[in-house]
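Trainee: kindly generate the corresponding structure for this input.
(5 chains)
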Amino acid sequence: MDILSIVGIVLSLAAILGGNILEGGHVGSLLQATAFVIVFGGTLGAILLQTPMSTFLRSLKMTAWIFLPPRIDAGSAIEKILGWSQVARKEGLLGLESAIETEPDEFSRKGLQLLVDGTEPDAIRKILEVDIGAKEHNDTAAAKVYEGMGGYSPTIGIIGAVMGLIHVMENLSDPSKLGTGIAVAFVATIYGVGLANLFFLPFASKLKNHVHIQAQFREMIIEGIVSIAQGENPRSIETKLKGYIH
Amino acid sequence: MDILSIVGIVLSLAAILGGNILEGGHVGSLLQATAFVIVFGGTLGAILLQTPMSTFLRSLKMTAWIFLPPRIDAGSAIEKILGWSQVARKEGLLGLESAIETEPDEFSRKGLQLLVDGTEPDAIRKILEVDIGAKEHNDTAAAKVYEGMGGYSPTIGIIGAVMGLIHVMENLSDPSKLGTGIAVAFVATIYGVGLANLFFLPFASKLKNHVHIQAQFREMIIEGIVSIAQGENPRSIETKLKGYIH
Amino acid sequence: MDILSIVGIVLSLAAILGGNILEGGHVGSLLQATAFVIVFGGTLGAILLQTPMSTFLRSLKMTAWIFLPPRIDAGSAIEKILGWSQVARKEGLLGLESAIETEPDEFSRKGLQLLVDGTEPDAIRKILEVDIGAKEHNDTAAAKVYEGMGGYSPTIGIIGAVMGLIHVMENLSDPSKLGTGIAVAFVATIYGVGLANLFFLPFASKLKNHVHIQAQFREMIIEGIVSIAQGENPRSIETKLKGYIH
Amino acid sequence: MDILSIVGIVLSLAAILGGNILEGGHVGSLLQATAFVIVFGGTLGAILLQTPMSTFLRSLKMTAWIFLPPRIDAGSAIEKILGWSQVARKEGLLGLESAIETEPDEFSRKGLQLLVDGTEPDAIRKILEVDIGAKEHNDTAAAKVYEGMGGYSPTIGIIGAVMGLIHVMENLSDPSKLGTGIAVAFVATIYGVGLANLFFLPFASKLKNHVHIQAQFREMIIEGIVSIAQGENPRSIETKLKGYIH
Amino acid sequence: MDILSIVGIVLSLAAILGGNILEGGHVGSLLQATAFVIVFGGTLGAILLQTPMSTFLRSLKMTAWIFLPPRIDAGSAIEKILGWSQVARKEGLLGLESAIETEPDEFSRKGLQLLVDGTEPDAIRKILEVDIGAKEHNDTAAAKVYEGMGGYSPTIGIIGAVMGLIHVMENLSDPSKLGTGIAVAFVATIYGVGLANLFFLPFASKLKNHVHIQAQFREMIIEGIVSIAQGENPRSIETKLKGYIH
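Mentor: Next up, the predicted model:
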């Protein structure tokens, strides 16, 4: 559970709505279904047009990470790799065959299979790096869906506001409606800027961070597996892998 | 057929026009041929001035991809490459000669020809990478035509709006026209921001994505052909190539 | 003759001025020497301060490329290189001595001289790449002079507008002049944004594109000359060089 | 003690508040708890949502560096490394064992241990570079927390201002409150822009600079330790390491 | 003497002030000590907070380069290097010992010393490149001090303007002061945008250009010294080094 994500959302909404109330404003005047339809619908439309289906679905799935981050335990992964290196030294690389079946992580399983197949260290590294590279690219693209929404929503908020102002201008003859009209128009701006800065952009940042952590973690696993393939001793592997944790 | 592209356009237009109607605005007041001429004409002029003819024609052709994306089937391409590697192992590289004639993709054909000619693996890789590099550069430049339009249209929308405001200011003595004049001026802003954010920028993003997918696909083909040239066994080639799919 | 450049300029000016007339505006109210002096003079001053003399002169010379692009014929250059490779195979590298005298392009001449001198392939590549690198850097810097002007002119347009508004504000007591005063002030904004988006930024883009094409072209020539130095056969050289054309 | 940091904060606040007083403004009208709650609370919420806990805590700790920069003495570090190289030449690498115990810096200790263990020079470099890379990435991410705040606060200031304007617009019927209402709304803008430009962005810059200096310093230590492993003579090591100081 | 720098400053000030006078404005209304204190003081404070002392002092020293650029004569440097290569061929590398004493440039002296010491070519290159790298990084950081000021000053100009507007709004009851008050407020905007675009950003660009030219020049010297270490003949060195001049 990512407590900071929840605290962040609660805090920013409390500060902005609370501040509005302290100023004597009515929260009600910030709630307008029309403005929301324009800003959120327009932003969603733009992002759907720009995104391939696979990336869009991936970004929906990754959204859960904002509150339930993927579990990454570098410490115990190092333990596991050191265990494999012990097995390899005692029983040879073929001794790792049984580890493949019990290994839950697909990426590590692929690495172990390459070890057992007796693939050359350089080839192992290359194959696994293509794998990471493709995954990191696709995950980053999915995280950038929110970045794109954070780029579109403020400008679509401006479209909403200007449409509202046009509406106001066409009714200038009735000055009593002037103020309310402008107020309504401005809410679209708040939605555009607010959605971008309180949700979309922070979402994108947090997701990109998880993608980076995962890529780093897999770099470490590659390093470990290649070291086993090169027959390095467990102590030296440990020193190497611990450099990834800081 | 790229359904997301169509859904995206329909959704964003529906949200914005629908929102406008809900607010009590008239869609009619958003339709102004003059503002459209200024914003679209000015943007088109700027982009024509900036773009070489070949890039412009290429971008026109690529526009179809937004709705009818190029068919890329990595899975069956891997099948095909594995087939070639079987042939090469049984009949030698010369056995691939017949595959050249039936291969529909020009790039793969070039790779097969290099194999049959007995070119060194490193040379094959280099020649084909120059090929990808040039194609990717030119395709990206074509996709960026829309990015350029997305950069110009909001600022030209501002030119349109300011020209409208000047017109209004010169007729301040007749206040009854004030509101309508400003309303007209603002429509140019909406066109500028709307064209950029609902069309041009998402177009550019989707096209750049297709260019990237194609380049990745060709990277995979290079990897496969070079592996055949190095005489690797089909199983190892398969493991390697599958890393490109995620 | 770059027809797209001319069409672009004519189209954007026609759209904007025509749109203005359709709206009922007077072109006259868009023509103001004072605003032009402020925006163009200020922009020119800023760019002169920022640019070294040699870069500024180079950018003046390169401006002609926007309408008369440098002639680059990759197809016939490949022909020529294949001719050289034939000579080199028949008569040895010394046989290229006569080609040096007739070769009009200085860069190719330098490459041929290195071939005749019997320079090592790797050294040839390195020497010629330093050459390209320096030229590309300086040409890009010259193209960026227009990019710089496109960055400065909108902000200097704002200075002009704000100065105009100050002037208006100081004469608020005479409301009859208010509208005209503001109108005048706004023209500086139009000049700033218009010069940047209809001229300076597209100029920079077109020039940078020519610089890139030339660099690519020279990369191809290096590849050809190095291949001759390595004694490759003409057919393989042809395959390699054709990859540069797409 | 980083005097420039203190002078900078005092100077910018004095200039802005002093300027306000000279203009005849009341400092009191710039002090508004509500606007501060909206801008600071909203910014903090956004950044908490975007940042992982470990990065956030690290950025809190690093904040002290703005006033108390980490002590880095490249000169005496070179002395120390030259001392180690003398020991290694006289007593062999094992002679460095006692230096490990007395060395206060953890990173240097790790390097010495690798030397004593007789690790290959290339392996030492690689292990230590992974170490620097991970630390530099995490420290930079922590410094960017302030960059993020500097990005969010002006836009949240705009949200605060627009909410204030909405409040004003809804009470247009009472024009006497108009001016004060707008004044209050504008303070949120000042807080947003001011916090970003007088605090958050300069903080981020100064911290990123410290992170870079530390990374450079560690690059130098790696270079020294690898040179010792390669058995270079102290004079040549000194020449090499002094290049890092400029 | 960099004439373009002086012409640039004179031209932009003449255009803007002259344009203001032509429009009928008074230069006096653009001169306001208070606005200057706010914008310049605030900008200076922000940049002091962000910059380490050593970088700040370096940027003060480098400011002179804007008008008195550092003298770099690549042509005569090539002559000198060719002279060294002649000496090295006749008398051996030790023959360069006397050249060290008379060489005024510290960087070349370091290179010559490495030659005389008989350092390996690859080691010479690496040592000297660390040297260039550190110097280029620090000089670029110093040039970016002006870039930072160009980033802060427009936003601090906005703070000044908004503070002025707040002051105006609080005195709405006295409409006679309205115009002047707004005029005063706008001057801060002009100072912010003007300082950035007419001074700070062009300064940064010109300085970064000098830093690049120096780095290129030193690259050339490294190339020359390494070529001497490799015993290349003077003619080939000349061809190589001339590629750096374009």
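Trainee: name the residue most distant from the centre of chain A?
Mentor: Relative to the centre of chain A, the most outlying C-alpha is that of A:Ser173, 49.9 Å out, by CA atoms, centre = their mean.
Trainee: got phi/psi on that one?
Mentor: The phi and psi torsions at A:Ser173 (degrees, to the nearest 10) take the values phi -60, psi -20.
Trainee: then A:Asn233?
Mentor: phi -80, psi 150.
Trainee: centre of the chain versus stretch A:205-222, how much separation?
Mentor: How far stretch A:205-222 lies from its chain's middle: 10 Å, per CA atoms, centre = their mean, to the nearest Å.
Trainee: tell me where the model's unsure across chain A.
Mentor: Counting by pLDDT under 70, the ranges of chain A that qualify are A:175.
Trainee: okay, buried residues for stretch A:117-132 please.
Mentor: Of the residues in stretch A:117-132, A:Thr119, A:Pro121, A:Ala123, A:Ile124, A:Arg125, A:Lys126, A:Ile127, A:Leu128, A:Val130, A:Asp131, A:Ile132 count as buried by neighbour count, 16 or more other CB atoms under 10 Å in any protein chain shown. Backbone N, C-alpha and C define where each C-beta goes, glycine included.
Trainee: run the contact check for that stretch versus chain B.
Mentor: Yes: for stretch A:117-132, a contact with chain B is found by CB under 8 Å from any CB of the partner chain, at A:Asp117, A:Thr119, A:Ala123, A:Lys126, A:Ile127, A:Leu128, A:Val130, A:Asp131.
Trainee: work out for me the element the third one sits within.
Mentor: The reference is to A:Ala123. Following DSSP states H and E, one finds A:Ala123 within helix A:121-169.
Trainee: now the angle from that helix to helix B:121-169?
Mentor: 10 degrees (axes from the mean of the first three to the mean of the last three CA atoms, to 10 degrees).
Trainee: ok so, going back, okay, the residues of stretch A:117-132 next to chain B in JSON lines with distance to C:Glu147 next?
Mentor: Output for the residues of stretch A:117-132 next to chain B, formatted as JSON lines (distance: CB to CB, whole Å):
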{"residue": "A:Asp117", "distance to C:Glu147": "53"}
{"residue": "A:Thr119", "distance to C:Glu147": "49"}
{"residue": "A:Ala123", "distance to C:Glu147": "45"}
{"residue": "A:Lys126", "distance to C:Glu147": "40"}
{"residue": "A:Ile127", "distance to C:Glu147": "43"}
{"residue": "A:Leu128", "distance to C:Glu147": "42"}
{"residue": "A:Val130", "distance to C:Glu147": "37"}
{"residue": "A:Asp131", "distance to C:Glu147": "40"}
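Trainee: please name the nearest non-neighbouring residue to the most centrally placed residue in chain A.
Mentor: Closest to where the C-alpha atoms of chain A average out (CA atoms, centre = their mean) is A:Leu207, at 1.5 Å. Counting by CB to CB, 6 or more residues apart in numbering or on different chains, A:Leu207 lies nearest to A:Ala143, which is 3.7 Å off, once chain neighbours are set aside.
Trainee: check contacts around that neighbour.
Mentor: Residues in contact with A:Ala143 (CB atoms under 8 Å, 6 or more residues apart in numbering or on different chains) are A:Ser59, A:Met62, A:Ala204, A:Leu207, A:Lys208, A:Val211.
Trainee: nearest to chain D among those?
Mentor: A:Ala204 (8.2 Å; CB to the nearest CB).
Trainee: thought that closest one was touching A:Ala142?
Mentor: No: at 9.9 Å, A:Ala204 does not count as touching A:Ala142 under the criterion of CB atoms under 8 Å.
Trainee: roughly how far apart are A:Pro154 and chain E?
Mentor: Distance of A:Pro154 to chain E, given as CB to the nearest CB, to the nearest Å: 18 Å.
Trainee: err, A:Glu219, not the other one
Mentor: Noted for A:Glu219: a distance of 26 Å to chain E, by CB to the nearest CB.
Trainee: check which helices and strands whichever strand or helix holds that residue is in contact with.
Mentor: Assigned by DSSP H and E, A:Glu219 falls within helix A:201-229. Secondary-structure packing of helix A:201-229 (3 or more CB pairs under 8 Å, 6 or more residues apart in numbering or on different chains; DSSP states H and E): helix A:74-91, helix A:106-116, helix A:121-169, helix A:234-242, helix D:42-50, helix D:121-169.
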